[in-house]
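1. What would the 3D arrangement of this be:
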Amino acid sequence: MIKEEVISLINRLPETATLEDIMYELYVLQKHKNAMAAIENGDVLTVDEVKGLLLRQQ
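-> Here you go, the predicted model:
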């Protein structure tokens, strides 16, 4: 599955894409997957929770 995603990602990039471009896109893909997993697992904070944490640190 991941192999197909990576191939699809590379195929969407322009022919002039550099290795650095590909690495960046893979980085973004992984961050997105991690964020979606966190959301599915409920490992997120509401805006009010974050505000409360920031206020307590002052």
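
2. switch to C-alpha atoms for all contacts and neighbour counts from now on
-> Will do.

3. I10 contacts I22, correct?
-> Yes - between I10 and I22 there is a contact under C-alpha atoms under 8 Å: 6.9 Å.

4. just the helices in this structure please.
-> Per DSSP state H, the chain carries helices over the ranges 2-12, 19-41, 47-57.

5. Make TSV out of those and add mean pLDDT and mean neighbour count.
-> Compiled in TSV, the helices of the chain are given as follows (pLDDT from 0 to 100; neighbours: other C-alpha atoms under 10 Å):
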stretch	mean pLDDT	mean neighbour count
helix 2-12	96	11
helix 19-41	97	12
helix 47-57	94	10
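
6. Give me the pLDDT value at M1.
-> In this model, M1 is scored at 88, pLDDT.

7. And it, how close does it get to K31?
-> 17 Å (C-alpha to C-alpha, to the nearest Å).

8. Same question for T16.
-> If you go by C-alpha to C-alpha, the gap between T16 and K31 works out to 24 Å.

9. Also M23?
-> In terms of C-alpha to C-alpha, M23 sits 12 Å off from K31.

10. ok, now L13?
-> Taking C-alpha to C-alpha, one finds L13 at 18 Å from K31.

11. got it, and L45?
-> Counting by C-alpha to C-alpha, the gap from L45 to K31 is 17 Å.

12. before we move on, what about K51?
-> Counting by C-alpha to C-alpha, the gap from K51 to K31 is 23 Å.
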